[in-house]
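Colleague: sharing a sequence plus its predicted fold:
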Amino acid sequence: QQLKGVAEITLLGGEQREVQVKVDQERLLQHRVSLPQVSEAILRAGREVPAGPVRNADGQLTVKLAGKLHTVQDVEEVVVAMPAPGSVVRVKDVAHVVDGVADPSSVSRYNGREGIGLLIKKQGDANAVDMSAAVRAELARIEAEEAAQNTRFIIASDSTDTTLEAVNAVLFDLGLAIVLVSIVMLLFLRSLRNSLIVLVAIPASLVSAFVAMGLFGYTLNLMTLLAMSLIIGILVDDSIVILENIQRYLDKGMDKRQAALTGRA
């Protein structure tokens, strides 16, 4: 969860440690304490308490006193009540504390095998592709470190796969558009120069679009990739129409500069 871009991780399945306090009703009556008193004493002992700010030359830090419950023995020694001076009733006097396992609230299975599932959510402003790459690298590192324990991570679903597929589709559309338009120009206008113009013009137009996206803070996502796909289609149509129009004016004897200005109008 310390990786850049990771906002939250939810665990599914597996066993979670749980310290269980099994209260004895007869002991409660014997020591004249109630169940809410035991519960409140444990909550109070494990609660984080603000201790105020600490100021230094670099700024201000907030200090908290962490709860003192870390082991079963810590829970057993929590004071529940003091019925008389010098007489102390602790949790261990009225209950049996066990370091156990919580009842499972969910089960995670993949291909029929049980395991521990991780649902990883990204921060709102994070780049999903970069975060996915960082998570994959971290999982590979943990696998290498825990190889002796036969620890394995299997990625069941990754939403960035759709984004990467869209990126590859846009790149394929771009290459296909350049090739097809160049072939059309070469076959119908019989001009290698016009074909070369298309080979340069379409990528140059898209590069300028990426520059504008960077200046205005836009990132590659499904919406911008969809826009790129539409732009490629528009560029293909416009390039064919404009080049044919310019060639028509050139065939009429108009000079190159005037034909270019008139043909694109």
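Modeller: The structure has been received and is ready for your questions.

Colleague: mean confidence for the helix or strand where residue 226 lies?
Modeller: Using DSSP states H and E, residue 226 falls within helix 222-251. For helix 222-251, the mean pLDDT works out to 79.

Colleague: state the next helix or strand along the chain beyond it.
Modeller: Downstream of helix 222-251, the first helix or strand assigned by DSSP H and E is helix 256-263.

Colleague: packing partners for that following helix?
Modeller: Here helix 256-263 touches helix 222-251, going by 3 or more CB pairs under 8 Å, 6 or more residues apart in numbering; DSSP states H and E. Heads up, the C-betas are built off the backbone N, CA and C, glycines and all.

Colleague: if I take the helix it packs on and helix 256-263, what angle do their directions form?
Modeller: Helix 222-251 runs at 130 degrees relative to helix 256-263, counting by axes from the mean of the first three to the mean of the last three CA atoms, to 10 degrees.

Colleague: who are the packing partners of helix 222-251?
Modeller: helix 160-184, helix 192-215, helix 256-263.

Colleague: as JSON lines, the ones you listed with mean pLDDT and distance to residue 74 would be great.
Modeller: Listed next are the helices and strands packed on helix 222-251 as JSON lines, based on pLDDT from 0 to 100; distance: least, CB to CB, whole Å:
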{"stretch": "helix 160-184", "mean pLDDT": "78", "distance to residue 74": "43"}
{"stretch": "helix 192-215", "mean pLDDT": "80", "distance to residue 74": "54"}
{"stretch": "helix 256-263", "mean pLDDT": "84", "distance to residue 74": "84"}
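
Colleague: what is the distance between the helix holding residue 226 and the centre of its chain?
Modeller: Remark: helix 222-251 is offset 36 Å from the chain centroid, using CA atoms, centre = their mean, to the nearest Å.

Colleague: okay if I get the helices and strands packed on helix 222-251 as TSV plus distance to residue 81 and mean neighbour count?
Modeller: Below are the helices and strands packed on helix 222-251 laid out as TSV (distance: least, CB to CB, whole Å; neighbours: other CB atoms under 10 Å):
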stretch	distance to residue 81	mean neighbour count
helix 160-184	56	15
helix 192-215	66	14
helix 256-263	95	14
